[in-house]
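> Quick one: sequence plus predicted model below, questions after.
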Amino acid sequence: NAGVTQTPKFRVLKTGQSMTLLCAQDMNHEYMYWYRQDPGMGLRLIHYSVGEGTTAKGEVPDGYNVSRLKKQNFLLGLESAAPSQTSVYFCASSYSRTGAGNTIYFGEGSWLTVV
Amino acid sequence: KQEVTQIPAALSVPEGENLVLNCSFTDSAIYNLQWFRQDPGKGLTSLLLIQSSQREQTSGRLNASLDKSSGRSTLYIAASQPGDSATYLCAVKVQTGANNLFFGTGTRLTVIP
């Protein structure tokens, strides 16, 4: 059982380049999330989705776009990468609302460096 | 906005010692609180989830307590082992608003053999 899988694991981008991070889950979860983790900041929610075809903004959505065309996949896009987007990105999923007693599952992270 | 603080940022203990990790939050109107473990280069693994109506949860050598009124939670690890070395994060879910967990910055635990 793969759980939550993120690709790629590492990527170096030049300022202004675009890229897409892919998250796939095989647990038939409705909810999916993208977080970023920065030193001294804790994890912060970028965008989330409550089901196929839906997306919503989290705490730090600027500079990112997302899509949930299939229930099992949640894509995070950077249209014009900036050095401030250097971070570790985590995808997560849960069966229903976090906090309803359901565990949230995290991927292993994607390390992105923007130079 | 909910602020979650974990002190200390790092902790080293000898193997076998019992230890307590602390988590504090500013807004007591929470839905639940979770403790996670993060190993280097890995994602987060949920350890314990405490609903706002509960006072504690136990799993093996781990015991998490919650005092909502004072905005505090503790994670107690009994008889620590080198395999417990990791970063431990707490996160609170607010009662209203967007689907969001507010995370602390974590305590990096090292258990010395």
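Now that the structure is in, tell me what you want to look at.

> where does chain B have low pLDDT?
For chain B, the stretches with pLDDT under 70 are B:96-99.

> can you map out the helices along it?
Taking DSSP state H as the criterion, chain B carries no helices.

> which residues touch the nearest residue to residue B:43 once chain neighbours are set aside?
Closest residue to residue B:43 apart from its sequence neighbours, by C-beta to C-beta, 6 or more residues apart in numbering or on different chains: residue A:106 at 3.6 Å. (Glycine included, C-beta is placed from N, CA and C.) If you count contacts by C-beta atoms under 8 Å, 6 or more residues apart in numbering or on different chains, residue A:106 has them with A:4, A:90-92, B:43-45.

> For residue A:106, give me the pLDDT.
Listed pLDDT for residue A:106 reads 93.

> any low-confidence regions in chain A?
A:1, A:97-102.

> run the last query once more with 50
Counting by pLDDT under 50, not a single residue of chain A qualifies.

> Give me every residue in it lying close to chain B.
Residues of chain A found near chain B (C-beta under 8 Å from any C-beta of the partner chain) are A:4, A:31, A:33, A:40-45, A:48, A:50, A:56-59, A:90, A:92, A:97-99, A:101, A:103-109.

> distance of residue B:50 from residue B:43?
Residue B:50 sits 21 Å away from residue B:43, going by C-beta to C-beta, to the nearest Å.

> So which bits of chain B are right by chain A?
B:4, B:31-32, B:34, B:41-46, B:49, B:51, B:89, B:91, B:93, B:98-106.

> For stretch B:27-37, which outside residues touch it?
With contact meaning C-beta under 8 Å, 6+ apart, stretch B:27-37 is reached by A:99, A:101, A:104, B:2, B:23, B:25, B:44-52, B:62, B:64, B:66, B:68-71, B:73, B:75, B:86-96, B:101.

> May I see the PyMOL selection of the buried members of the residues you listed?
Buried members of these, defined by 16 or more other C-beta atoms under 10 Å in any protein chain shown, are picked up in PyMOL with:
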select buried, (chain A and resi 99+104) or (chain B and resi 2+23+25+44+46+47+48+49+50+51+52+62+64+66+68+71+73+75+86+87+88+89+90+91+92+93+94+101)
